Each structure stands twice: as structure tokens, then as C-alpha cells.
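> My questions are about this predicted structure, shown below with the sequence.
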Amino acid sequence: MNTQLQGMDVVAEVIREYYDLGEVEMPQQLEAAHQRRHRKMVVQTTSGRFLAKTYKRDPVILDALRFQHRLSDHLDQNNLPVARIKRAKNGKGIVEINNWALELQEFVEGEPMKVNSSTLVTSAKALGQFHKVCHGLPAPPRDANMWRFSEVPRSAFQKLFEAARAESSDKNVGDHCNAIALFLQDAGNALSIDKRSEFEIGLIHGDWHGANLLFKGDELTAIIDLEFAGNGCYLEDIAYGISNLCIRTTTSEEKMRIRTNMLLDYYQFSRRLSYAEQVALYYAVGVKHITTVSYQTLQSGKVAGFTAAEWMERLHIQTCWLAEQARKARWGE
């Protein structure tokens, strides 16, 4: 390889040398993609279009990447769509050069999931199948007792309330806050450390939301972003899915009910929820939802077009509905 090359030229030269793809055009940075953890580029070749990612050549990072490749292969073999890994001439999925490393994935045509009845059913079936086919698959160490949905976001929510109060003098902001705080208190009890042993753990995706589910029309073309996959609680994936796909965009009780029941019904084609999971689920959804909204609002000012004060009202309505569903699940109503 020519050591005098720089930037995209280096990436192109590595691909030409280590892969058998024919003509390789200059890589182009993938627009509108997060570049925080690794650099993402699109590469056009005679053999097709690929997504190139570069990483720091660190043993921990590369070990995690190898697990993601094994998981991707496993999902593909079990008829779950993924962006397949392109192997280099030596058969490896990672090319290591000096202090950095490169992987190539097949470029999948698709857009982030748009919620409708068809895509919601498809995503629910896919999540249930993911959990089923990955059951017992060796996974990297991960603290299964410190799930992201179970850590009640009191400090982040307090900051959201302060932002809402600074934005609006409406006394209802305080009422909304008190109601949500009571929900978080009940959630903390339902998800306490001593109760988590009742929830089943296994290999989970860890980041199951619409942006990581690529669709072409109503067809699921790829489950992407396996970086957070590992040993964890199945409720984490389910709670994130319901929060993002069923609750986030509406305050209509009918829409929340229809969407949530649809997701749970089709998920359970593959795996049934236990009684303990059913009771805890709606609190897990609320905690995940409040955490996401609080963090994103404080970062960007608005989330999904709503300000902090507007989110306080929406969260009040949404958590009241979630609390009622948790009550019904507990008493079998």
C-alpha cells in the first residue's frame, strides 16, 4: 500500500488491496450519519455498494466488533435481515492497518421505520424472533442488573422540570411534575434490584428503535447497529420498542393501546412474557421514555417538535396511561 496517501485515498487503497471487489471508487462520507464512535463511508465498487467503517485498532473494540460479526451472521442464517459483513481476501471481517481497522458491510437500501400497522407488526415479530433465535448464544459480559430502563432518571427529570418552569409560568407544570414524580416512585419500586431476578435475561439488541430498523415500504430490509447487543434483560428491548414506536408520538389513549397491544401480541408469537414481566413492563416503558425525552430535550431544546413545558404535559398523560396498564396487568384485568 502507498504510505504517502491520505484520507479517503487511504481507505480506497486498503479496500482495493485487501478485498476482491473489482474497480473501487473514492469513498464518500455517509451523510446524516453519526460519526462519533467510528467513521462511516459509502463505497461504490464493481461488485456493488458497501458501507465502510473505520475503528481505532484497540483489542477491546475489535473483540466487540468480532462478536457483532458473529451475531450478524447468526441473524442472517435465521432469516432476520442484516447488513451482511463482507469478508476480505483472507476470510476475515476486519482489516487491521497500523493503528486503525476497517470493516465493510453490504449497503442496504432502506429508510428508518415509519410507524404504521404493517411495520409495527413486522418489527414486533422481528424482535420476538431475535430473542428466540439468539437464546443461548454466547454473548459478551454485560451487567444484566444495571439495565438502562430500570435506573429511574430523577436528576435528569428534575432538570427537565426546571427547564419547563423557566419556559412557562403555567402552574400546571408543577402539577404535571408531581404526577410524573409519583409514577417514577412507583416505577422505582416495581423495578427495584431485588425484583430483577424475576425477569428473564438473554442476548438482546440493546438499542431497538425505529432508526435501527430499516424499511423499504413495509418490508424490513435490515436490523442495524448491533453495538449495544449483549447479555441483558429482554424487557429492555421491549420497553425501548414500545417507548419509541408506540408512545413517543401520541397522547391518544386509543393509539397507545392499539399500538402497544399490537407490538406485544406479535412479539409473543415467539416468546411469552411472564407475569412478573407483564407487571413491570409499563413502568420500564415509562422510565425509558422519560429518560430519553429528558436527555434529548436538555441537549437540543426541542424533541419531536415539543419544548420542555409541552413535554411535561405529554409525559403526564402518557405516564397516567402507563400506570393504569400496569395496574390492570397486576390484577389481570
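Yep, that arrived.

> The protein - how does it break down into domains?
For the chain, automatic domain parsing gives the domain ranges 8-107, 117-331.

> What average pLDDT does the first one get?
The average of the pLDDT scores along domain 8-107 is 93.

> rewinding a little: need the domains of the chain in TSV with mean neighbour count, can you?
No exception for glycine: its C-beta is placed from N, CA and C like everyone else's. Shown next, in TSV, are those (neighbours: other CB atoms under 10 Å):
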stretch	mean neighbour count
domain 8-107	16
domain 117-331	18
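
> and Asp58, what does it touch?
Going by CB atoms under 8 Å, 6 or more residues apart in numbering, Asp58 touches no other residue.

> Roughly how far does it sit from Glu96?
For Asp58, the distance to Glu96 equals 11 Å [CB to CB, to the nearest Å].

> how far out from the middle of the chain is stretch 267-283?
Counting by CA atoms, centre = their mean, to the nearest Å, stretch 267-283 is centred 19 Å from the centre of its parent chain.

> so where do the helices sit in the stretch 151-300 of the chain?
Applying DSSP state H, counting those that start in this stretch to the stretch 151-300 of the chain gives helices spanning 154-167, 172-190, 234-242, 253-267, 275-300.

> Serialize these to CSV and add fields for distance to Gly110 and mean pLDDT.
Listed next are those as CSV, based on distance: least, CB to CB, whole Å; pLDDT from 0 to 100:
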stretch, distance to Gly110, mean pLDDT
helix 154-167, 32, 91
helix 172-190, 34, 94
helix 234-242, 18, 95
helix 253-267, 20, 98
helix 275-300, 23, 93
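
> Looking at the ones you listed, which is nearest to Arg327?
Proximity to Arg327 (CB to CB) singles out helix 275-300 among the helices of the stretch 151-300 of the chain, at 8.8 Å.

> That closest one to helix 172-190, inter-axis angle?
Angle, helix 275-300 to helix 172-190, by axes from the mean of the first three to the mean of the last three CA atoms, to 10 degrees: 140 degrees.

> Hey, what's the angle from helix 275-300 to helix 234-242? Just curious.
50 degrees.

> And the next helix or strand past helix 275-300?
helix 308-331 (DSSP states H and E).

> Can I get that next one as CSV, trimmed to CA atoms?
Only the C-alpha atoms of helix 308-331 are listed here, as CSV (Å, rounded to 0.1, in the frame of the first residue of the first chain):
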residue,chain,number,x,y,z
ALA,A,308,-39.8,21.1,27.8
ALA,A,309,-43.1,22.6,29.1
GLU,A,310,-45.0,20.8,26.4
TRP,A,311,-43.3,17.6,27.2
MET,A,312,-44.3,17.9,30.8
GLU,A,313,-47.9,17.8,29.9
ARG,A,314,-47.4,15.0,27.4
LEU,A,315,-45.4,12.9,29.8
HIS,A,316,-48.1,13.4,32.4
ILE,A,317,-50.8,12.0,30.1
GLN,A,318,-48.5,9.2,28.9
THR,A,319,-47.4,8.0,32.3
CYS,A,320,-51.0,8.1,33.6
TRP,A,321,-51.9,5.7,30.9
LEU,A,322,-48.9,3.5,31.6
ALA,A,323,-49.7,3.4,35.3
GLU,A,324,-53.2,2.3,34.5
GLN,A,325,-51.9,-0.5,32.3
ALA,A,326,-49.5,-1.6,35.0
ARG,A,327,-52.4,-1.8,37.5
LYS,A,328,-54.5,-3.8,35.0
ALA,A,329,-51.6,-6.2,34.4
ARG,A,330,-51.1,-6.7,38.1
TRP,A,331,-54.7,-7.6,38.7
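
> Good, wrapping up.
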